[in-house]
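A.B. asks: Quick check, what structure comes out for this input:
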Amino acid sequence: MALDMNIQELLVIKDSDLLINQVKENWATKNDKILPYVNLVQRLSGRFKSIDFRHTPRAQNDFADVVATIASMIQHPESTHIDPLEITLKEEHAHYAHIEAEPDGKPWYADIKAYLEKGEYPPESSAN
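C.D. replies: Below is the predicted model of the structure:
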């Protein structure tokens, strides 16, 4: 796809340290089943002005896992064109958007904050 779009510089991020190092020729490819794929990636790499392969641990790759899961759930039409998925990054965590203010107009954590800052309990609390 990157070649079809005439991309000249490409950054490939993968959660498999083994594959990244095999493609970069840092490690030998011993698995005969993987070798054709590694060779293909190496040949295709020469068609870019610049290409870099980076490893990211799976634990730090939550975003890619979510996108891959969404992509696997979409039924693709019988055409070569697929509309792009628009992703908007928010400034706040999504769970903030689902918390409504209490009837007193204070956020849900106001009593916890008051206790941590001043050692004050809510006025309606009991000795228990």
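A.B. asks: low-confidence ranges in this structure?
C.D. replies: Scanning the chain for pLDDT under 70 picks out 76-83, 85, 92-103.
A.B. asks: what does stretch 48-57 contact?
C.D. replies: Stretch 48-57 is contacted from outside by 2-3, 7-17, 20-21, 23-24, 45, using Cβ atoms under 8 Å, 6 or more residues apart in numbering. Heads up, the C-betas are built off the backbone N, CA and C, glycines and all.
A.B. asks: ends of it, how far apart?
C.D. replies: Chord length of stretch 48-57, first to last residue, is 25 Å (Cα to Cα, to the nearest Å).
A.B. asks: Next, the buried residues of it.
C.D. replies: 51, 53 (16 or more other Cβ atoms under 10 Å).
A.B. asks: Which of the helices or strands spans the most centrally placed residue in the chain?
C.D. replies: Among the residues of the chain, the one closest to the centroid is residue 63, at 1.6 Å (Cα atoms, centre = their mean). Taking DSSP states H and E as the criterion, residue 63 maps to helix 62-73.
A.B. asks: Residues contacting that helix, please?
C.D. replies: The contact list for helix 62-73 (Cβ under 8 Å, 6+ apart) reads 13, 15, 58, 85, 87.
A.B. asks: who wins for neighbours among those residues?
C.D. replies: Highest neighbour count within the contacts of helix 62-73: residue 15, with 15 neighbours (other Cβ atoms under 10 Å).
A.B. asks: what's the spacing between the residue lying closest to that one once chain neighbours are set aside and residue 124?
C.D. replies: Once flanking residues are discounted, residue 15 sits nearest to residue 58: 4.4 Å by Cβ to Cβ, 6 or more residues apart in numbering. Counting by Cβ to Cβ, to the nearest Å, the gap from residue 58 to residue 124 is 46 Å.
A.B. asks: same deal with residue 63?
C.D. replies: Taking Cβ to Cβ, one finds residue 63 at 42 Å from residue 124.
A.B. asks: try residue 57
C.D. replies: 47 Å.
A.B. asks: In this structure residue 29 contacts residue 40, no?
C.D. replies: No: under the criterion of Cβ atoms under 8 Å, residue 29 is not in contact with residue 40, lying 11.8 Å apart.
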